[in-house]
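Participant: when you get a sec, could you give me coordinates for this:
(one chain, ligands or ions: 3)
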Amino acid sequence: NAIDNMTGFGKGVFGEKQKFEIAKGDDGQYYLYDGTRGKGIHTFDAKEIPPFIFNILSGLFGYTGEEIKSNHKFFSDPAAVDAHVNAEKVYDYYKDTFNRNSFDNEGAQLISSVHVGNGWNNAAWNGVLMMYGDGDGTTFTSLSGGLDVIAHELTHAVTERSANLVYEGEPGALNESLSDIMGAMVDRDDWQMGEDIYTPDIEGDALRSLNDPASIPNPLNPSEGYPDNYSKRYTGDLDHGGVHINSSINNKAAYLLSDGGTAYGVTVKGVGRDAAEQIYYRAVNNYMTANSDFSMMRQAAIQAATDLYGADSSQVESVKKAYDAVGVE
Ligand SMILES: O=C(O)[C@H](CCc1ccccc1)CC1(C(=O)N[C@@H](Cc2c[nH]c3ccccc23)C(=O)O)CCCC1
Ligand SMILES: [Ca+2]
Ligand SMILES: [Zn+2]
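Facilitator: Ligands and ions are numbered 1, 2, ... in the order given. Prediction:
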């Protein structure tokens, strides 16, 4: 249908006023559709369909949920407003930072569905679209309110179209880590993951920490923190071999590379967020493959830094030190 791009308004999950692109359809209704970025950004309402059913419907049949439309330019669904706004922000981040036009670099439509499940405490990229739960209000609030969560999910799509790291074991932990790293680069004012939407009644906690992984209890081994060194990696079978756990080892390396610091007796000179994001993007886009392990991550980052800054650069030296610090040879 013929669309006119125009500006819409609404309030996000935390009550903040948001402005975003919408479109007016032939029916005179306004749609949560941004026709100005790539082939479009579309946000839908899953109407509480259980995640595994929605996963199948969207994966197999391309079902996206119900159109979110309004008789006026104000949209009153906070979860939908933030999913739309945050998808625009992540699109802009990849375009502005790496000149990547959406996850396929050909402007692929960014599709989000909110209100997946009933109080679902999670979110996911299912290969076709982003799915967001509303949380149960205690463990999580609407997960689309977390800019780092949207960046995390969309980076799974970018990884899938580049290194396509297998979601298991070490490649899986790297897949997860790259999503957390880009999540921290887009949601740039901290090194926490999910802090905005995790436990709404508790201040200062987060789902994961990139700067100090060990500060948060490891859900698979609660007597310890998340691992921040290869020697502390989880070797069990849960969570596809701990992909959401061992990601913290590489997350720590990325934090040290970016901001510097000393860990396990090794001091790293920070290269800054701008250089760190370029190194990781080039590593995943140009050098890593489906079965890359932690050691290959180190080599890929060294090669990426060499391409970008030279073999004898301080950036290459910092990559080596960062991986020394987390015990990855
Ligand atoms: O993208 C991902 O890696 C996670 C997707 C998990 C998923 C995969 C397949 C089907 C359904 C859900 C979602 C996020 C995640 O890290 N989830 C973790 C932690 C977590 C969130 N909610 C939970 C509820 C129970 C247990 C663990 C969790 C997980 O699923 O492990 C990423 C950012 C925030 C949520
Ligand atoms: Ca964050
Ligand atoms: Zn993930």
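
Participant: give the contact list for Pro200.
Facilitator: Contacts for Pro200 (CB atoms under 8 Å, 6 or more residues apart in numbering) come out as 135, 137-138, 140-141. For the C-beta atoms, the positions are set from N, CA and C on the backbone; glycine is no exception.

Participant: farthest pair in these?
Facilitator: Spanning the widest gap among those are Thr138 and Thr141, at 9.0 Å by CB to CB.

Participant: and the two? Which one has more around it.
Facilitator: Neighbours per residue, other CB atoms under 10 Å: of Thr138 and Thr141, the larger number sits with Thr141, 24 against 12.

Participant: touching, that one and Gly133? I think so.
Facilitator: No - using CB atoms under 8 Å, Thr141 makes no contact with Gly133, being 10.0 Å away.

Participant: who in the chain is up against ligand 2?
Facilitator: Within reach of ligand 2 by CB under 5 Å from the ion, the chain has these residues: 148, 187, 190, 192.

Participant: rewinding a little: mutual contacts of Thr141 and Gly133, please.
Facilitator: Here Thr141 and Gly133 have no joint contacts, going by CB under 8 Å, 6+ apart.

Participant: quick revisit: which members of the residues of the chain next to ligand 2 occur in strands, if any?
Facilitator: Among the residues of the chain next to ligand 2, the ones falling in strands (DSSP state E) are Gln192.

Participant: out of the contacts of Pro200, who's nearest Gln303?
Facilitator: Taking CB to CB as the measure, Gln303 sits nearest to Phe140 out of those, at 38.1 Å.

Participant: run through the bridge partners of that closest one.
Facilitator: Tyr198 (DSSP bridges).

Participant: any idea how far it is from Lys320?
Facilitator: Using CB to CB, to the nearest Å, we find Phe140 at a distance of 38 Å from Lys320.

Participant: same question, Ala311
Facilitator: Using CB to CB, one gets 11 Å for the distance from Ala311 to Lys320.

Participant: which residue ranges of the stretch 151-300 of the chain form helices?
Facilitator: For the stretch 151-300 of the chain, helices defined by DSSP state H, counting those that start in this stretch occupy the ranges 169-186, 238-259, 273-282, 294-309.

Participant: export these to CSV and tack on mean pLDDT?
Facilitator: Shown next, in CSV, are the helices of the stretch 151-300 of the chain (pLDDT from 0 to 100):
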stretch, mean pLDDT
helix 169-186, 98
helix 238-259, 98
helix 273-282, 98
helix 294-309, 98
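
Participant: and the ones you listed: which comes nearest ligand 1?
Facilitator: Nearest to ligand 1, of all the helices of the stretch 151-300 of the chain, is helix 238-259, at 4.3 Å by CB to the nearest ligand atom.
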